[in-house]
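**Q** predicted structure and sequence below. I'll ask about it afterward.
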Amino acid sequence: MKPRVLILYYSFSNQTQRVATVMQEAFQQRDWDADVCQIEFIDPRYRIEFPFRPVGRKLLRWLWPQLRGKTGDVRVSGDVLARDYDLICLGSPTWWLNPAMPVVSFLRSPAAGQLLHGKRFAVFAVCRKAWWNNLRQVKKLACRQGGTFVAGTAFCFAGGEIQSMLSFISYMQYDTDRDRCCGVRIRPFGVGDAGLAHAREFVGELADTIAPFTPPPHQDATH
């Protein structure tokens, strides 16, 4: 049977989704069965749609609950929870140095134990710059649910801290890339081509760890 992987993630601005899609394609190219599933954040207290203005006021609705480690209502497909996987890849954007609230909410739920107990998992963080605590927290929560950590990595946006912040603010307001924000030239928002190439490399490392390639046995030309 083919090895089977689940890529489970939450994505607010579609950047984690882009990485998850590239990872799925890379696993499939290695002849894996690869499922992708997004955690649905269905809590009406935190409903925000793109584009939104003003950015600061609406993001601050999430700031205090996020920093306090609060959870909200989430949903994951029952079909995914019922399947058996050789590897589970958990992806989270970084919100104020921590994993996104929907990811934490799922990992603290009984459904996470059903999915992760006795399974190997990897973690990928998507962020502007600061990703260490995001990855560490997701790893810790998944291990508490009975999973075994295999590897982790991060996919960072282009530009420095200030420029990537301006790109983020601009994208939140207009839901599209713009050349400038507050009079400053900015780079395109999100994970670039180098990051997506890194996603393919990460898949290769995971696939070789979980199901190393074994060449076919040598055939004697006389038979």
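**A** Alright, I've got the coordinates. Numbering: from 1, shown residues only.
**Q** just the C-alphas of the helix ranked longest in the chain, formatted as PDB.
**A** In the chain, assigned by DSSP state H, the helix with the most residues is helix 193-210. Output of helix 193-210 as PDB, limited to C-alpha atoms (Å, rounded to 0.1, in the frame of the first residue of the first chain):
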ATOM      1  CA  ASP A 193       9.100  31.100  -4.800                       C
ATOM      2  CA  ALA A 194      12.100  30.200  -2.500                       C
ATOM      3  CA  GLY A 195       9.700  29.300   0.300                       C
ATOM      4  CA  LEU A 196       7.600  27.000  -1.900                       C
ATOM      5  CA  ALA A 197      10.800  25.300  -3.200                       C
ATOM      6  CA  HIS A 198      11.700  24.800   0.500                       C
ATOM      7  CA  ALA A 199       8.300  23.100   0.900                       C
ATOM      8  CA  ARG A 200       9.200  20.600  -1.800                       C
ATOM      9  CA  GLU A 201      12.500  19.900  -0.100                       C
ATOM     10  CA  PHE A 202      10.900  19.500   3.300                       C
ATOM     11  CA  VAL A 203       8.500  16.900   1.800                       C
ATOM     12  CA  GLY A 204      11.500  15.000   0.400                       C
ATOM     13  CA  GLU A 205      13.100  14.900   3.800                       C
ATOM     14  CA  LEU A 206       9.900  13.700   5.400                       C
ATOM     15  CA  ALA A 207       9.200  11.100   2.800                       C
ATOM     16  CA  ASP A 208      12.700   9.700   3.000                       C
ATOM     17  CA  THR A 209      12.400   9.500   6.800                       C
ATOM     18  CA  ILE A 210       9.000   7.800   6.900                       C
END
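**Q** in terms of secondary structure, what does that helix contact?
**A** With contacts taken as 3 or more C-beta pairs under 8 Å, 6 or more residues apart in numbering; DSSP states H and E, helix 193-210 sits against helix 15-29, strand 87-95, strand 120-127, strand 148-156. Glycine gets a C-beta too; all of them are placed from N, C-alpha and C.
**Q** so which of the ones you listed gets nearest Q114?
**A** Proximity to Q114 (C-beta to C-beta) singles out strand 87-95 among the helices and strands packed on helix 193-210, at 11.7 Å.
**Q** residue contacts, L196?
**A** R18, V19, V22, F155 (C-beta atoms under 8 Å, 6 or more residues apart in numbering).
**Q** below-threshold pLDDT in the chain: ranges please.
**A** Counting by pLDDT under 70, the chain shows low-confidence ranges at 48-64, 159-190, 212-223.
**Q** which strand residues bridge the residue nearest to the spatial centre of it?
**A** Central residue of the chain (C-alpha atoms, centre = their mean): G91, 2.0 Å from the mean position. Counting by DSSP bridges, G91 forms beta bridges with Y9, F124.
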